[in-house]
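A.B. asks: got a predicted structure plus its sequence, pasted below:
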Amino acid sequence: MATRMSAMFGRTLREAPGDADSANHQLLLRAGLIVQLAAGVYSFMPPAWRSLRKLEQIIREEMEAAGAQEIRMPAMQPLELWQETGRDRSYGPVLFRLRDRRERPMVLAPTHEEAVTDLFRKTAQSYRDLPQRVFQMQTKFRDEPRPRGGLIRVREFIMKDAYSFDIDEQAFQRTYSAMAEAYHNIYRRCGVPVVAVQADSGAIGGKQSEEFIFLTEIGEDNIVLCPSCGYAANQERAEFDRGAVSEAAPLAVEEVATPGTTTIEALAEFLGVPQETTAKAAFFLVDGEPTFAVIRGDLEVNELKLINTLGAQEARPLTPDEVAEAGWIAGYASPVGVDPARVIADPSVVQARNLVGGANREGFHLRHLNYGRDWSAATVADIGLAQAGAPCAACPGGRLEMQRGVELGHIFRLGEVYAAPMDAAILNADGERVLPVMGCYGIGLERLLAAVVQANHDAQGIVWPPAVAPYDVHLVAIGADREEVAAALERLERDLEAAGLSCLSDDRDERPGVKFNDADLIGAPLRITLGPRGLRDGEVELKLRAEAEGRNAALEAAASVAQDALASLTG
RNA sequence: CGGAGCGUGGCGCAGCUUGGUAGCGCACUUGACUGGGGGUCAAGAGGUCGCCGGUUCAAAUCCGGCCGCUCCGACCA
């Protein structure tokens, strides 16, 4: 059935609500597609829900093509399940909690690794049951500290989450590749350009993960890219080159008076030396332990790398009081004389020679500090924050660039991080109990919808990619109350539906300008205008949303012309 | 969680500094005219000014507390 705008639930707005910032958020609101209920909680009006279902169907097809079976797991789960892996604690306040009538603690699941692993251990017995790949379309609940950007970051959302179980690493690689390929297919079919980047696996866990990023200025992630070699990584884990190991001969340490130079910038200027010839001290509380991090003066510490390197749960900068308590002199600190067990050093300071560092005395610095001779660290590891302009670690001569991006999907190599604590062992061919190698793969549907709109709009409104448009054709009936127009509209609706095209008919008693503007705003790929003027000659006008000019066609032929026009869009 | 801002008919906003019982544009209803890119005229409907408390003869306006929403950052998928 064609949808008639005169009867549609919801309405378009001339002005976007002031809360909306980004183009996609404004357009989704103005086109009457979404309505906000609370921070990060939205309703989806008929056209938006149609598009969301199309996205879902594309994903479903690609998941099935990748060998995954659709299932459905509960959103409401007993807290005990989460205690098995300790994620009731690691997820912290993001986890929505409630109690049932018997006071049993429950959670609204933010993701389903525990649930699927539980399913697996209850059903799979041996390697003969592998490989397994499953997925679901399911509502997730996450009490985000800061929902933002309309649908970009919400607290309740539909996620396609897939999980895989393989007998060994080699088998897992095949699954992972199939999933990565499916993901690329999905974004291509949805009309959103993405780049796959190396990422941190965060609260999901596992060794390594890749994100599928839509590069856009409204994004909330910083993405590091090398235009020379194509290296791409989230800034949270991006690597970069620190230059060659210095061959310079170590010079004798000498103390210099440097009054009032408590920052690297001030120090370098005072001494007339480049910042990269200094060693910077940064103090963090890592799982409750004061930690002394050292890095080259021109670089910054990446806290996430610090946490991962030390196998810690959390880290934050020390407060000035805590620094003093630890016996360190802010602004004049160096690792000289500090217990190496407390020190973690970036390779940038280890491989350099004759650096300037603090004298651990107010107002003085030391010249010619050298790792190994003057100080040492229990841990030497990459803890640097990759920044724009840094040399690429993957190719010679490349310079890293930085762009903002939205994470549209994330695929993880989980290994045994869930199977082990949940004891999901199975028997291998030799009759030994082994743990399956797991992977998980997620896409947020609403966020994807937002990205589709962000990537496909102009000043007038949305320009839906045909595959995910809520309607194929937008019929603009001018003078809809006239008999000949009403009759033509009904006929065209029938013809289009017979041709397999969905349509939204604007039969409202509105001025033509209002209807054209709403058609542009809602953004169906093809618009067909019918009115008394054209119908005198038995003609209607067809215009693609993405093109400026339309053309006329006979009413009787309009449906097949429409079919051809839409087919030309998808190639 | 740190920083900033905003809550006044459905949407966008003014009014608040200097207290006196709420206004503009759009949207909505009815009628007439109009009719191919956001019409015109006329008549209407719709607001406990986020909530609670205080000051005052009188509070949208001043004071206190709370709640909600947005943005930047932290964090996060």
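C.D. replies: Thanks, I have it.
A.B. asks: got any ranges where the stretch 201-350 of chain A has weak pLDDT?
C.D. replies: Low-confidence segments of the stretch 201-350 of chain A, defined by pLDDT under 70: A:207.
A.B. asks: can you map out the strands along it?
C.D. replies: Taking DSSP state E, counting those that start in this stretch to define them, one finds strands in the stretch 201-350 of chain A at A:208-215, A:221-225, A:232-234, A:254-257, A:279-286, A:289-296, A:315-317, A:343-345.
A.B. asks: could you dump those to CSV with distance to A:V476 and mean neighbour count?
C.D. replies: For glycine as for every other residue, the C-beta is placed from the backbone atoms N, C-alpha and C. Shown next, in CSV, are the strands of the stretch 201-350 of chain A (distance: least, Cβ to Cβ, whole Å; neighbours: other Cβ atoms under 10 Å):
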stretch, distance to A:V476, mean neighbour count
strand A:208-215, 32, 23
strand A:221-225, 40, 22
strand A:232-234, 43, 23
strand A:254-257, 78, 12
strand A:279-286, 61, 23
strand A:289-296, 62, 22
strand A:315-317, 57, 15
strand A:343-345, 65, 23
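A.B. asks: of all the ones you listed, which one is nearest A:R153?
C.D. replies: For A:R153, the closest of those is strand A:221-225, at 11.0 Å, according to Cβ to Cβ.
A.B. asks: most centrally placed residue in chain A?
C.D. replies: Chain A has A:E407 as the residue nearest its centroid, 1.4 Å off, counting by Cα atoms, centre = their mean.
A.B. asks: who does that residue form a beta bridge with?
C.D. replies: Beta bridges link A:E407 to A:I213, judged by DSSP bridges.
A.B. asks: I'd guessed it sits against A:I213; true?
C.D. replies: Yes: in this structure A:E407 lies within contact range of A:I213 using Cβ atoms under 8 Å: 5.9 Å.
A.B. asks: quick check: neighbours shared by those two?
C.D. replies: Counting by Cβ atoms under 8 Å, 6 or more residues apart in numbering, the shared contacts of A:E407 and A:I213 are A:D221.
A.B. asks: number of nearby residues for the residue in the stretch 251-400 of chain A that RNA strand B sits nearest to?
C.D. replies: Closest approach between the stretch 251-400 of chain A and RNA strand B, counting by Cβ to the nearest atom of the strand: A:E303, at 4.5 Å. Each residue near A:E303 was counted by other Cβ atoms under 10 Å, and the total is 20.
A.B. asks: skip the chain neighbours and tell me the closest residue to it.
C.D. replies: Excluding the flanking residues, the one nearest A:E303 by Cβ to Cβ, 6 or more residues apart in numbering is A:A315, at 5.2 Å.
A.B. asks: what about the one you found, distance to A:P466?
C.D. replies: 48 Å (Cβ to Cβ, to the nearest Å).
A.B. asks: what sits against the residue nearest to A:E303?
C.D. replies: Neighbours of A:A315 in contact, by Cβ under 8 Å, 6+ apart: A:F284, A:L285, A:V286, A:D287, A:T291, A:E303, A:L306, A:I307.
A.B. asks: contacts only, for the fourth one.
C.D. replies: Right, the one you point to is A:D287. A:D287 touches A:L310, A:A312, A:Q313, A:E314, A:A315, counting by Cβ under 8 Å, 6+ apart.
A.B. asks: rerun that using 6 Å as the cut-off
C.D. replies: By Cβ atoms under 6 Å, 6 or more residues apart in numbering, A:D287 lies in contact with A:A312, A:Q313.
A.B. asks: can you give me the strands in the stretch 51-200 of chain A?
C.D. replies: A:69-70, A:76-78, A:96-99, A:105-108, A:132-141, A:156-166, A:195-199.
A.B. asks: would you list these in CSV and tack on mean neighbour count?
C.D. replies: Below are the strands of the stretch 51-200 of chain A laid out as CSV (neighbours: other Cβ atoms under 10 Å):
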stretch, mean neighbour count
strand A:69-70, 12
strand A:76-78, 14
strand A:96-99, 13
strand A:105-108, 18
strand A:132-141, 20
strand A:156-166, 24
strand A:195-199, 20
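A.B. asks: would you format those as a markdown table with mean pLDDT and distance to A:L501 included?
C.D. replies: Formatted as a markdown table, those follow (pLDDT from 0 to 100; distance: least, Cβ to Cβ, whole Å):
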| stretch | mean pLDDT | distance to A:L501 |
| --- | --- | --- |
| strand A:69-70 | 98 | 27 |
| strand A:76-78 | 97 | 40 |
| strand A:96-99 | 95 | 41 |
| strand A:105-108 | 96 | 39 |
| strand A:132-141 | 98 | 25 |
| strand A:156-166 | 98 | 26 |
| strand A:195-199 | 95 | 33 |
